[in-house]
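A.B. asks: quick one, structure for this:
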Amino acid sequence: MDIKLRPHHLLCTQGYQGNGYSKEFVENMNQITARLRSHEPVKIRLVFSTDDLCRCCPNMLAEGLCRTDDKVTKFDRKIVAYFDLKEQEYIYQDIVTEIQSKITPEILADICEGCGWYPVSACREKILKDRLHHC
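C.D. replies: The predicted model follows:
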């Protein structure tokens, strides 16, 4: 069974470190990220709507409808544009490797602008890895 992910969740699943909106959300996120972070290739289906992470999120109002739809759609549009993503199947590890090879601190900051999790998560460290330059 493929995991459905919306585009910006390709970043969230990398930066996730065990915090979330609710107990149910965290449990779902833990299960999905554990599978995605395994060494086995994992098929995902990129979807331009709510996905498997959204299903336990308190902001999901209905299938295809998020309370913060304008904001999350903006995140999705930016990552799709930067990395030329399509609504299709990918191998998670391959697409993450490709994103990590092309992403810069400026691109990540632009995509995640307005995300409440970005300033308090491990996104920069986990996604940018050795691209971070500390003064």
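
A.B. asks: ok, Leu10 touching Lys78?
C.D. replies: No: in this structure Leu10 lies outside contact range of Lys78 using CB atoms under 8 Å: 11.8 Å. C-beta coordinates here come from the backbone N, C-alpha and C atoms, glycine included.

A.B. asks: looking at these two, which is more packed in?
C.D. replies: A side-by-side neighbour count of Leu10 and Lys78, using other CB atoms under 10 Å, places Leu10 first with 23 against 17.

A.B. asks: what residues sit buried inside stretch 33-46?
C.D. replies: Buried residues in stretch 33-46, defined by neighbour count with 16 or more other CB atoms under 10 Å: 33, 36, 42, 44, 46.

A.B. asks: with stretch 63-78 instead?
C.D. replies: Judged by neighbour count (16+ other CB under 10 Å), stretch 63-78 contains these buried residues: 66, 68, 71-73, 75-76, 78.

A.B. asks: among these, which pair sits farthest apart?
C.D. replies: Pairwise distances across these peak at 16.1 Å for Cys66 and Lys78 (criterion: CB to CB).

A.B. asks: quick one on the thing from earlier: which single one of the buried residues of stretch 33-46 is nearest to Leu5?
C.D. replies: For the buried residues of stretch 33-46, the nearest to Leu5 is Ile44 (5.1 Å; CB to CB).

A.B. asks: and the closest one, helix, strand or coil?
C.D. replies: Three-state assignment for Ile44 (DSSP: H, G, I helix; E, B strand; the rest coil): strand.

A.B. asks: circling back to that earlier point, could the buried residues of stretch 33-46 go into a markdown table alongside distance to Gly20?
C.D. replies: Below are these laid out as a markdown table (distance: CB to CB, whole Å):
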| residue | distance to Gly20 |
| --- | --- |
| Thr33 | 11 |
| Leu36 | 15 |
| Val42 | 20 |
| Ile44 | 20 |
| Leu46 | 22 |
